[in-house]
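[1] structure for this input, please:
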Amino acid sequence: MLFNSVQYLIFLPIVVALFWLSPRAVKLPMLLVASYVFYASWNPPFVLLIIGLTLFNFYWGKFLAKATVHRKNIFTWGIVANIFTLATFKYANFLLGSVAAAVHLVTKQSPDYVLNIVLPLGISFFVFEFIHYLFEVNRGGKPVDSFVHFALFAAFFPTQIAGPIKRYDDFMKQMTDKNPFKLEYFDEGLPLIVTGLAKKILLADNLAILVQMGFSNPSAYGAPELWLFTYAFAFQIYFDFSAYTDIARGSAMLFGYHIPINFNLPYIASNISDFWHRWHISLSTWLRDYLFIPMGGSRATNWIVNRNILITFALGGLWHGASWSFVIWGIFHGLCLVVHREFVALKLRLPKFEPLWKSGFWRYFSIFLTFNAVCIGDVFFRIQDTKAAFAAVKKMLLFSPIYTTAEAHQFFITKETLPIIVPVTVTMVAILVLINLPLSKLIGDGVFSKVPPFAKGAFCAALIIAMVILIPTTSAPFVYFQF
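    Prediction:
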């Protein structure tokens, strides 16, 4: 049941109505059942997986909290059990494929090591929430007493498939607070849902057509086209994932719940560290708190800190998918962070250039450089064939060849079309940025709630009409559904 499906547009209002019409004692159990129904709509047997993991972590957390001896071992085995479950479903075929490749390299034989394992939707997200819970209990946090509360923490349907990754203490507090019905919930939630759908249908899905056309055969295109496809993908994935988050946050708001903001204008980041404070915020903070800091964080020698950064982002890349291209993407971002960290240290040793570092020119140059670095990483994120991805990046960086070798029926740049394509591309990117900036500020900062109701209704109505008129013939699944 996708957020942009008719089924969800029927399911959501029914569940919201049942929630607010139910007695207080029934609200959360009903919402838990609805969340399991939502998950079962994809593949019913996998409901047993999320229920099984919930039962394990609920009782293991209680066991961990009461432990007076061997507490470290109990905590470790709880983390291992969660990681083993995630690895079995997500990485078994990847590991077997890597072994098969190594065997082929040595023996020149091609063994077929493949298991028939289906990747459960959202497993990367709710497993990370369980790991976070055990970490906090191990640090002295109070375990959850109510199984319904704990189960709903992981299964809450707006966030169970693609996040944002919640923190249990914040979400538990909202579930235990008295939560009276307020029209303000709909005043804030519905516009978030409508704008999220607009981002997905009007922007992400239309950009996906261009991106698919280019990256399905990247070797056929020249450098300018590859840069165009890469810029298009950067905006596609941003509009796609932020759209999911908007719909998730809006849906949660209809029940009176606030879930974390996941994006904060990432493409105006002035360095790669700033980017990761703005992009997929719930994941980047999770990696910081439960991977980077436990490894020692930044309280170590320079070499150790840089090593910790690279390991964190390599594993963060692997979290995104069982593919070496995702690992390379993670290592690339880790290297960018290491370079940025070293550059910050260098700037402190060059005080005479401080006016340059503080100038407007340097800020805009830094934004430009950061955005393009992110886009180069996106090539590995989008093209799963690592050889093809490296070849595409080589073309882009060397800006050669300029013109395409693609067939005439494909999109292509020639000497005749280049003067038209460049200004159109620049205009497209500018429009996408200008469209998104006010939406992010109005919705993300809560200013939208102060807009007069008639203006708010007219704005949402205009988006709905635009979606009906401009909806593409095919709608791609949300990008992060596969993680």
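
[2] count of neighbours near Leu183?
    Residues lying near Leu183 (other C-beta atoms under 10 Å) number 7. Where C-beta positions appear, they are placed from N, C-alpha and C, glycine not excepted.

[3] next SSE downstream of the helix ranked longest in the chain?
    Longest helix in the chain by number of residues, with DSSP state H as the criterion: helix 71-107. Counting by DSSP states H and E, the next helix or strand C-terminal to helix 71-107 is helix 123-138.

[4] secondary structure class of Lys158, three-state.
    No, residue 158 isn't Lys; it's Pro. Secondary structure, DSSP: H, G, I helix; E, B strand; the rest coil: Pro158 is coil.

[5] how far away is it from Ile383?
    As for Pro158, its distance to Ile383 is 31 Å (criterion: C-beta to C-beta, to the nearest Å).

[6] between these two, who's got more neighbours?
    Pro158 (26 against 21).

[7] contacting residues around the more buried one?
    Listed by C-beta atoms under 8 Å, 6 or more residues apart in numbering, the contact set of Pro158 reads 247-249, 251-252, 259.

[8] how about a cut-off of 7 Å?
    248, 251-252, 259 (C-beta atoms under 7 Å, 6 or more residues apart in numbering).

[9] report the central residue of this protein.
    Nearest to the mean C-alpha position of the chain, by C-alpha atoms, centre = their mean, lies His280 at 5.1 Å.

[10] what about the closest residue to that residue other than its chain neighbours, how many neighbours?
    In space, and not counting its chain neighbours, His280 is closest to Asn262: 6.0 Å by C-beta to C-beta, 6 or more residues apart in numbering. Neighbourhood size, Asn262 [other C-beta under 10 Å]: 24.

[11] what sits closest to Ile237 if chain neighbours are left out?
    Val479 (5.5 Å).

[12] quick one: that neighbour and Phe390, what's the gap?
    Counting by C-beta to C-beta, the gap from Val479 to Phe390 is 22 Å.

[13] so between those two, which is more surrounded?
    Val479 (22 against 15).

[14] list the residues that contact Leu119.
    Counting by C-beta under 7 Å, 6+ apart, Leu119 touches 89-90.

[15] picking that back up, the residue nearest to the centre of the chain is in contact with Ile261, isn't it?
    No - in this structure His280 lies outside contact range of Ile261 using C-beta atoms under 7 Å: 11.0 Å.

[16] packing partners for the strand or helix carrying Met396?
    Met396 belongs to helix 386-398 when assigned by DSSP H and E. Judged by 3 or more C-beta pairs under 7 Å, 6 or more residues apart in numbering; DSSP states H and E, the packing partners of helix 386-398 are helix 223-253, helix 324-348, helix 360-382.

[17] ok, and what's touching the last one?
    Contacts of helix 360-382 from elsewhere in the structure, counted by C-beta under 7 Å, 6+ apart, are 215, 230-231, 233-234, 267-272, 275, 325-326, 328-329, 332-333, 336, 356, 389, 392-393.

[18] just the buried ones from the residues you listed?
    Buried by 16 or more other C-beta atoms under 10 Å: 215, 230-231, 233-234, 267-272, 275, 325-326, 328-329, 332-333, 336, 389, 392-393, out of the contacts of helix 360-382.

[19] quick one: low-confidence ranges for the chain?
    Counting by pLDDT under 70, the chain has low-confidence residues at 99-105, 108-116, 405-454, 456, 459, 469-476, 480-483.

[20] and it, what are its domains?
    For the chain, the structural domains run 6-181, 185-482, going by automatic domain parsing.

[21] give me the buried positions along stretch 200-218.
    So for stretch 200-218, counting by 16+ other C-beta under 10 Å, buried means 200-208, 210-215, 218.

[22] circling back: check contacts around the residue nearest to Ile237.
    237, 240-241.

[23] what's around Thr245, how many residues?
    Neighbours around Thr245, by other C-beta under 10 Å: 27.

[24] OK, contacts around the nearest residue to it once chain neighbours are set aside?
    Taking C-beta to C-beta, 6+ apart, and ignoring the residues beside it in sequence, Thr245 has Asn262 as its nearest neighbour in space, at 4.3 Å. By C-beta under 7 Å, 6+ apart, the residues touching Asn262 are 163-164, 245, 280-282.

[25] and if you look at Phe186?
    Contacts for Phe186 (C-beta under 7 Å, 6+ apart) come out as Leu254.

[26] ok, now how distant is it from Arg139?
    38 Å.

[27] dihedrals phi and psi, the residue sitting furthest away from the middle of the chain?
    Going by C-alpha atoms, centre = their mean, the residue of the chain most distant from its centre is Lys352, 40.1 Å out. Torsion angles at Lys352 (phi, psi; degrees, to the nearest 10) stand at phi -70, psi -20.

[28] how far away is it from Phe365?
    The value you get for Lys352 to Phe365, if C-beta to C-beta is used, is 19 Å.

[29] ok, Pro44 next?
    Taking C-beta to C-beta, one finds Pro44 at 53 Å from Phe365.

[30] equivalent analysis for Ser98, please.
    40 Å.

[31] cool, and Ser216?
    Using C-beta to C-beta, Ser216 is found at 34 Å from Phe365.

[32] now Ala252
    39 Å.

[33] equivalent analysis for Glu354, please.
    Taken as C-beta to C-beta, the span from Glu354 to Phe365 is 16 Å.

[34] again, but for Pro180
    From Pro180 to Phe365 the distance is 51 Å (C-beta to C-beta).

[35] and what of Lys66?
    56 Å.

[36] now Leu335
    Taken as C-beta to C-beta, the span from Leu335 to Phe365 is 20 Å.

[37] what about these two, which has more around it?
    Leu335 (17 against 13).

[38] which non-adjacent residue is nearest the more buried one?
    That would be Leu310: by C-beta to C-beta, 6+ apart, it lies 7.0 Å from Leu335.

[39] the one you found contacts Gly334, doesn't it?
    Yes - in this structure, Leu310 is within contact of Gly334 by C-beta under 7 Å, at 4.1 Å.

[40] pick out whichever of those two has more residues nearby.
    Comparing Leu310 with Gly334 by other C-beta under 10 Å, the one with more neighbours is Gly334, at 23 against 17.

[41] hang on, the earlier thing: of the contacts of Val479 - the most surrounded one?
    Going by other C-beta under 10 Å, Asp240 tops the contacts of Val479 with 25 neighbours.

[42] do you know how far that residue is from Trp276?
    Distance, Asp240 to Trp276, using C-beta to C-beta: 19 Å.

[43] do the same with Tyr257
    26 Å.

[44] likewise Gln160?
    For Gln160, the distance to Trp276 equals 24 Å [C-beta to C-beta].

[45] check Cys460 too.
    For Cys460 relative to Trp276 (C-beta to C-beta), the value is 32 Å.

[46] what's Asp177 sitting at in phi/psi?
    phi -70, psi 150.

[47] OK, contacts around it?
    Per C-beta under 7 Å, 6+ apart, neighbours of Asp177: none.

[48] equivalent analysis for Ala391, please.
    Neighbour list for Ala391: Ser219 [criterion: C-beta under 7 Å, 6+ apart].

[49] and with 6 Å instead?
    By C-beta atoms under 6 Å, 6 or more residues apart in numbering, the contact set of Ala391 is empty.

[50] ok, now the one 5 residues further on?
    With contact taken as C-beta under 6 Å, 6+ apart, Met396 is in contact with 223, 226-227.

[51] what helix or strand is Pro191 located in?
    Going by DSSP H and E, Pro191 is in helix 183-198.

[52] kind regards, and thank you for your time.
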